[in-house]
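A.B. asks: just coords:
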């Protein structure tokens, strides 16, 4: 069955496959919000005691200390195969290279706008960051590269990182990645209790200034509730992938790439926009075949059934416009001239250009950051990068008395228009001291 759908941009598309579900929840459920609120309140009041109770309740893990000692780290590192260590080290160097280049693109400056009037800008790293590395069904050790390496390149002095046990076992490779990335503290602790402990602080965990890293619905909601008390990287939702393909694309590769992201979870949408109806139909056929024995079909199957879509549009300009409407996290361009999308598209978390590139490279190995905006947030923000760990601050200095007097008189006039008399007087006193003018509101005089 084909359905013609019209989006707000007036791009017309024929849908070869519609999602079974029509809308994605934009926030947490009331149950998730209430659970997170209760846990945060308990940790705020009872500290380590509450952290230990909730860790036992949710993860069956309540050691005397969640912080891994150097001896424990050495034992874990010794258990990780050499090839895994080598691969982690290589990938982290790719991430480090990208982050260093990003850092180089930011510059401090100072300018003199008037005689003796100096205005400046500095990029200052946050002093402490918390990195959350998820466990659950998948040990996402790549998240250690993205959050910890990037923070360290930015110059963050203290990075405290948390990851949960996986089915009662220490995730050795994840811990190794956290350690090699440069984490200063590694806690075997997960869920709401980990995020809350990092943000609020307890008797044994010092608080951080910002939180980064993906997580499940409870972790995401905890970050949302704690935002303001600490900074966060971004509000993350289910992984999203959108592929723009023309008639030159390989339908089998398109199908594999769509499912590679659908396996993140049953609510991870995968969308194809193509100029070729023939390619769209072949992609659907390949997906149906691949899913039969795909090891992660329990996630990928429902994701494709409930949220997957295939659009056929008239031309690539319409494809790019429709892709911008989705504003998805990952956008893959499988066309004859993929770099055209760099100039034509605007709203996306990250672009993956050409058949030789895939979203999985970005997720795991290539060096760009995989913590990216979802649920339409790409319309107003990019993903995690070295700049997220920096605060751009300004400073000013006036050393020329005539310039200060000039601004003093200007400040007095401007402030009184807004009825800010105290502000005006700060300007008045400088004009009076440096130009010898009188103060209409005081008989104070300045020595010459």
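C.D. replies: In hand now; what should we look at? Small disclaimer: the values here were computed from a predicted structure and weren't measured.
A.B. asks: excluding its backbone neighbours, what's nearest residue 304?
C.D. replies: residue 262 (5.2 Å; CB to CB, 6 or more residues apart in numbering). The C-beta positions use only the backbone N, C-alpha and C, and glycine is treated the same way.
A.B. asks: Tell me, how many residues neighbour residue 343?
C.D. replies: 8 (other CB atoms under 10 Å).
A.B. asks: quick revisit: dump the residue contacts of the residue nearest to residue 304.
C.D. replies: 241, 268-270, 299-300, 303-304, 308 (CB atoms under 8 Å, 6 or more residues apart in numbering).
A.B. asks: again with residue 245
C.D. replies: Applying CB under 8 Å, 6+ apart, the residues near residue 245 are 254, 272-276, 279, 283, 334-335.
A.B. asks: Which two among those are spaced furthest apart?
C.D. replies: 283 and 335 (14.4 Å; CB to CB).
A.B. asks: and these two? which has more neighbours close in?
C.D. replies: For the pair residue 283 and residue 335, the greater number of neighbours falls to residue 283 (28 against 23), based on other CB under 10 Å.
A.B. asks: isn't that one right up against residue 309?
C.D. replies: No - Residue 283 lies out of contact with residue 309 (CB atoms under 8 Å); the separation is 11.4 Å.
A.B. asks: hey, what's in contact with both of these two?
C.D. replies: With CB under 8 Å, 6+ apart, residue 283 and residue 309 have common neighbours residue 272.
A.B. asks: any idea which helix or strand comes after the helix or strand bottoming out on mean pLDDT in the chain?
C.D. replies: Least confident helix or strand of the chain, by mean pLDDT, DSSP states H and E, is strand 3-6 with a mean of 56. Downstream of strand 3-6, the first helix or strand assigned by DSSP states H and E is strand 12-17.
A.B. asks: Please point out which parts of that following strand sit buried.
C.D. replies: Going by neighbour count (16 or more other CB atoms under 10 Å), the buried part of strand 12-17 is 13, 15-17.
A.B. asks: Drop anything exposed from the contacts of residue 245.
C.D. replies: 254, 272-276, 279, 283, 334-335.
A.B. asks: Now, these that are in helices?
C.D. replies: If you go by DSSP state H, those have 254, 279, 283 in helices.
A.B. asks: Touching, the second one and residue 243? I think so.
C.D. replies: Same thing as residue 279. No - look at residue 279 against residue 243 with CB under 8 Å: they stay out of range, at 10.5 Å.
A.B. asks: any idea of the mean pLDDT in the longest helix along the chain?
C.D. replies: When the chain is scanned for its longest helix (criterion: DSSP H), the result is helix 82-104. Helix 82-104 comes out with an average pLDDT of 98.
A.B. asks: residue ranges for the helices of the stretch 201-350 of the chain, please.
C.D. replies: Assigned by DSSP state H, counting those that start in this stretch, the stretch 201-350 of the chain shows helices spanning 217-226, 251-262, 277-291, 297-307, 316-326, 340-344.
A.B. asks: Contacts only, for residue 359.
C.D. replies: Each residue near residue 359 by CB under 8 Å, 6+ apart is listed here: 241, 257, 260-261, 330, 332, 352.
A.B. asks: Leaving out chain neighbours, which residue sits closest to it?
C.D. replies: Leaving aside its sequence neighbours, residue 359 sits nearest to residue 330 (CB to CB, 6+ apart; 4.4 Å).
A.B. asks: Show the subsequent helix or strand relative to the strand or helix carrying residue 392.
C.D. replies: For residue 392, the host element (DSSP H and E) is strand 390-398. Following strand 390-398 in sequence order, the next helix or strand is helix 401-417 (DSSP H and E).
A.B. asks: quick one: buried residues of the very next helix or strand once past that following helix?
C.D. replies: Next helix or strand after helix 401-417 toward the C-terminus (DSSP H and E): helix 421-435. Within helix 421-435, the residues scored as buried using 16+ other CB under 10 Å are 424-425, 427-428, 430-434.
A.B. asks: Same check on stretch 321-336?
C.D. replies: Neighbour counts over stretch 321-336 (16+ other CB under 10 Å) mark 321-324, 326-335 as buried.
A.B. asks: Can you redo those residues as TSV, where the extra columns are pLDDT and distance to residue 111?
C.D. replies: Formatted as TSV, those follow (pLDDT from 0 to 100; distance: CB to CB, whole Å):
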residue	pLDDT	distance to residue 111
321	97	40
322	97	44
323	98	40
324	97	37
326	96	41
327	97	36
328	97	40
329	97	38
330	98	40
331	98	38
332	98	42
333	98	40
334	98	46
335	98	44
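A.B. asks: Among the residues you listed, which one sits closest to residue 362?
C.D. replies: Distance to residue 362 across the buried residues of stretch 321-336 (CB to CB) is lowest for residue 330, with 7.1 Å.
A.B. asks: just to revisit the earlier point, spit out the residues that contact residue 279 and residue 243 alike.
C.D. replies: Contacts common to residue 279 and residue 243, judged by CB under 8 Å, 6+ apart, are residue 254.
A.B. asks: Enumerate every residue touching the residue nearest to residue 111 when sequence neighbours are not counted.
C.D. replies: Of all residues not flanking residue 111 in the chain, residue 119 sits nearest, at 5.6 Å (CB to CB, 6+ apart). By CB under 8 Å, 6+ apart, the contact set of residue 119 is 110-111, 113, 394-396.
A.B. asks: circling back to that earlier point, tabulate the buried residues of strand 12-17 (CSV), appending pLDDT and distance to residue 43.
C.D. replies: Below are those laid out as CSV (pLDDT from 0 to 100; distance: CB to CB, whole Å):
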residue, pLDDT, distance to residue 43
13, 91, 48
15, 95, 47
16, 96, 49
17, 95, 45
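A.B. asks: from those, which is closest to residue 191?
C.D. replies: Checking the buried residues of strand 12-17 one by one against residue 191 (CB to CB), the nearest turns out to be residue 17, at 35.6 Å.
A.B. asks: so what's the nearest residue to that closest one once chain neighbours are set aside bridging to?
C.D. replies: Once flanking residues are discounted, residue 17 sits nearest to residue 310: 4.2 Å by CB to CB, 6+ apart. Residues in a beta bridge with residue 310, per DSSP bridges, are residue 17, residue 272.
A.B. asks: what stretches of the stretch 1-150 of the chain score poorly on pLDDT?
C.D. replies: 1-9, 23-26 (pLDDT under 70).
A.B. asks: quick one, helices of it?
C.D. replies: Per DSSP H, counting those that start in this stretch, the stretch 1-150 of the chain carries helices over the ranges 30-46, 48-59, 70-79, 82-104, 142-144, 150-154.
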